[in-house]
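Undergrad: Sequence first, then the predicted structure:
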Amino acid sequence: MNRLRGNIVAIDHNSHMSLVDVAVGVEVFSATLLETPETAAYLRVGNAVTLLFKETEVVLAKNLSGLISLRNRFSVTVISIERGAILSAVTLDYGGESLVSVITTRGVDRLQLATGDKVEALVKANEVVLSHEP
Amino acid sequence: MICASIDKCLHGADGEFRLGAELEVAEGEFVALYGPSGVGKTTLLRCLAGLEQPERGLITVNGESWLDTAQGINLAPQLRRVGYMFQDYALFPNMTVRGNLEFALRPDANKKRVSELLDLMELGALQQRKPETLSGGQKQRVALARALASEPRMLLLDEPLSALDAEIRVRLQDEILRLQKHFGITAIIVSHDVGEVYKLAQRVMVMEAGTIVRQGTPTAVFCGGQTSGKFAFTGHILEIEAMDVLFSLTVLVGSQIVRVVASRDEVQQLQQGDRVMLVSKAFNPMVLKLAD
């Protein structure tokens, strides 16, 4: 599980759902939740939260251009690659934080990923869980 | 409305502590007392039933005083009209199923109530049997019917299902819920099964060392908003297997076995038998309707 600590900077919501923006350093991540500030007391601008997302939900891209609907897109550096027969784990540095992306080994080959590469990591907003201290 | 304030000295494994609990339960409400063993949950129920007396206490039920230690009022258990269901059935072994129910009737009660309950709980075929010839699940259904036979105004359930296997437990939870709704009876259950609390109770009170430390709806208390993942289940790890750069976890959730994929750092602190929570976003599950 990948973890990034941040603070809530904005909340858009309707009666059942919220789109929560969380600042992690200078970048803003988004999470769509089936909760609202009325049902979840921790959803307040300024509150500290941890973003959680599964390694298998982190997409990697090189030289990405054009428009994309994904909310969470950030630059990372490949630290190491552990190759498996089907899947590989790519460890990434994101401003000093270590994140992991698990993609197919075919994907690693197609992107010709190597240690030191600068790539973009992408995570859909509805794959991001927010956790907070009770 | 049941209002109770109980103050009693208890002797726990780590020495003496005070049971100091205040609770209000609305008419027809189903509440759960949740917490580890030895924090005073059972004693609180027994004080409500009149089976134990606190040093200081006050119990009023719809304005009627059941206990008021300051005034020297202490209504006898049989006058409190409480249905009590224990983990160990506590059926009379020398009486038939029907006999057990009849024994619990109030003196002025209509005998037809026993037949109604036997029908309602589909126990008719077992009515002439002695408890020793019944399975655990059957015994507990008889115990539930007997608890209801006295036309109680309050049903107290002290971990009634914890000795039963998962499948029978789920069936009996359905039964308890159905009968509680049918009679519109106020119910308090002691349980340390989160699933059971979720299923049965509208409100859960968490007890620690003699006091109620938290209460609210099961969702508010157990999810406490700790994570925004809505799809969460607790289970026990049966097996951990490495596959490529990931791991396959086999987890027992209720009576179902599920397999999930976990990363190395998730698996690092886990071993067989550990209790885990599986969390997924509410957006992920696909929903398929099943044929009836």
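TA: Ah, there it is. Everything numeric here is computed off the predicted structure, so don't read it as measured data.
Undergrad: May I ask which helix or strand of chain B has the lowest mean pLDDT?
TA: Lowest by mean pLDDT, DSSP states H and E among the helices and strands of chain B is helix B:218, with a mean of 85.
Undergrad: give me the residue from chain A nearest chain B.
TA: Taking CB to the nearest CB as the measure, the point where chain A comes nearest chain B is A:Gly84, at 3.1 Å. All C-beta spots, glycine's among them, are computed from the backbone N, C-alpha and C.
Undergrad: Ignoring the adjacent residues along the chain, who's closest to that residue?
TA: For A:Gly84, ignoring the flanking residues on the chain, the nearest one in space by CB to CB, 6 or more residues apart in numbering or on different chains is B:Asp244 at 3.1 Å.
Undergrad: ok, now B:Val213?
TA: Counting by CB to CB, 6+ apart, B:Val206 is the residue found nearest to B:Val213 once chain neighbours are left out, at 5.5 Å.
Undergrad: can you check B:Leu238 too?
TA: Using CB to CB, 6+ apart and skipping the chain neighbours, the partner closest in space to B:Leu238 is B:Thr250 (4.5 Å).
Undergrad: Contacts only, for the residue of chain A closest to chain B.
TA: Each residue near A:Gly84 by CB atoms under 8 Å, 6 or more residues apart in numbering or on different chains is listed here: A:105, B:244-246.
Undergrad: coming back round to it: name all residues that make contact with the residue nearest to A:Gly84.
TA: Counting by CB under 8 Å, 6+ apart, the residues that B:Asp244 touches are A:84-88.
Undergrad: go again using 10 Å as the cut-off
TA: With contact set as CB atoms under 10 Å, 6 or more residues apart in numbering or on different chains, B:Asp244 has these partners: A:82-89, A:102, A:105.
Undergrad: returning to that earlier point: any idea how many residues pack against the residue nearest to B:Leu238?
TA: The tally of other residues near B:Thr250 (other CB atoms under 10 Å in any protein chain shown) stands at 16.
Undergrad: isn't there a strand covering it?
TA: Yes - secondary structure of B:Thr250, determined by DSSP: H, G, I helix; E, B strand; the rest coil: located in a strand.
Undergrad: which strand residues sit across from it in the sheet?
TA: Note on B:Thr250: beta-bridge partners B:Glu239, B:Arg259, judged by DSSP bridges.
Undergrad: So it is in contact with B:Gln256, correct?
TA: No - between B:Thr250 and B:Gln256 there is no contact under CB atoms under 10 Å: 11.1 Å.
Undergrad: what residues are shared contacts of those two?
TA: Residues touching both B:Thr250 and B:Gln256 comprise B:Gly235, with contact defined as CB under 10 Å, 6+ apart.
Undergrad: List the buried residues in stretch B:237-256.
TA: B:237, B:240, B:244-247, B:249-251, B:253 (16 or more other CB atoms under 10 Å in any protein chain shown).
Undergrad: For it, give the mean pLDDT please.
TA: For stretch B:237-256, mean pLDDT is 89.
Undergrad: Ok, stretch B:148-166 next?
TA: For stretch B:148-166, the per-residue pLDDT averages 89.
Undergrad: Let me see the contact set for the residue nearest to B:Lys8 when sequence neighbours are not counted.
TA: Once flanking residues are discounted, B:Lys8 sits nearest to B:Pro54: 3.7 Å by CB to CB, 6+ apart. The contact partners of B:Pro54, by CB under 10 Å, 6+ apart, come to B:4-10, B:19-21, B:43-44, B:46-47, B:67, B:69, B:74.
Undergrad: in stretch B:128-135, what's buried?
TA: Neighbour counts using 16+ other CB under 10 Å place B:130-131, B:134 of stretch B:128-135 among the buried residues.
Undergrad: Now do that stretch: distance to the chain's middle.
TA: Stretch B:128-135 has its average C-alpha position 24 Å from the chain's average C-alpha position, going by CA atoms, centre = their mean, to the nearest Å.
Undergrad: where are the low-confidence patches of the chain?
TA: Picking chain A for this. Counting by pLDDT under 70, the low-confidence segments of chain A come to A:134.
Undergrad: if you could check chain B rather than the one you did, that'd help
TA: Scanning chain B with the threshold set as pLDDT under 70 gives B:223-230, B:292.
Undergrad: Looking at it, what residue ends up closest to chain A?
TA: With CB to the nearest CB, the shortest gap between chain B and chain A falls at B:Asp244, namely 3.1 Å.
Undergrad: Please tell me how far that residue sits from A:Ala89.
TA: From B:Asp244 across to A:Ala89, the span is 8 Å (CB to CB, to the nearest Å).
Undergrad: Repeat that for A:Glu97.
TA: From A:Glu97 over to A:Ala89 the distance is 16 Å, taken as CB to CB.
Undergrad: Out of the two, name the residue with the larger neighbour count.
TA: Neighbour tally, A:Glu97 and A:Ala89, criterion other CB under 10 Å: the higher count belongs to A:Ala89, 21 against 14.
Undergrad: Please tell me I have it right and the more buried one contacts A:Glu82.
TA: Yes - between A:Ala89 and A:Glu82 there is a contact at 4.5 Å, judged by CB under 10 Å.
Undergrad: okay, stretch B:155-175 in CSV with CA atoms only?
TA: Taking C-alpha atoms only, stretch B:155-175 is exported to CSV below (Å, rounded to 0.1, in the frame of the first residue of the first chain):
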residue,chain,number,x,y,z
LEU,B,155,-34.8,-8.7,25.8
LEU,B,156,-31.3,-9.1,27.2
LEU,B,157,-29.0,-11.2,25.1
ASP,B,158,-25.7,-12.2,26.7
GLU,B,159,-23.5,-13.4,23.8
PRO,B,160,-26.2,-15.8,23.0
LEU,B,161,-24.7,-17.1,19.8
SER,B,162,-21.0,-17.2,20.5
ALA,B,163,-20.9,-20.9,21.0
LEU,B,164,-22.5,-21.7,17.6
ASP,B,165,-20.9,-22.1,14.3
ALA,B,166,-20.9,-19.3,11.8
GLU,B,167,-23.7,-20.5,9.5
ILE,B,168,-26.2,-21.2,12.4
ARG,B,169,-25.2,-18.0,14.0
VAL,B,170,-26.2,-16.0,11.0
ARG,B,171,-29.5,-17.8,10.8
LEU,B,172,-30.2,-17.1,14.5
GLN,B,173,-29.3,-13.5,14.1
ASP,B,174,-32.0,-13.3,11.4
GLU,B,175,-34.4,-15.0,13.8
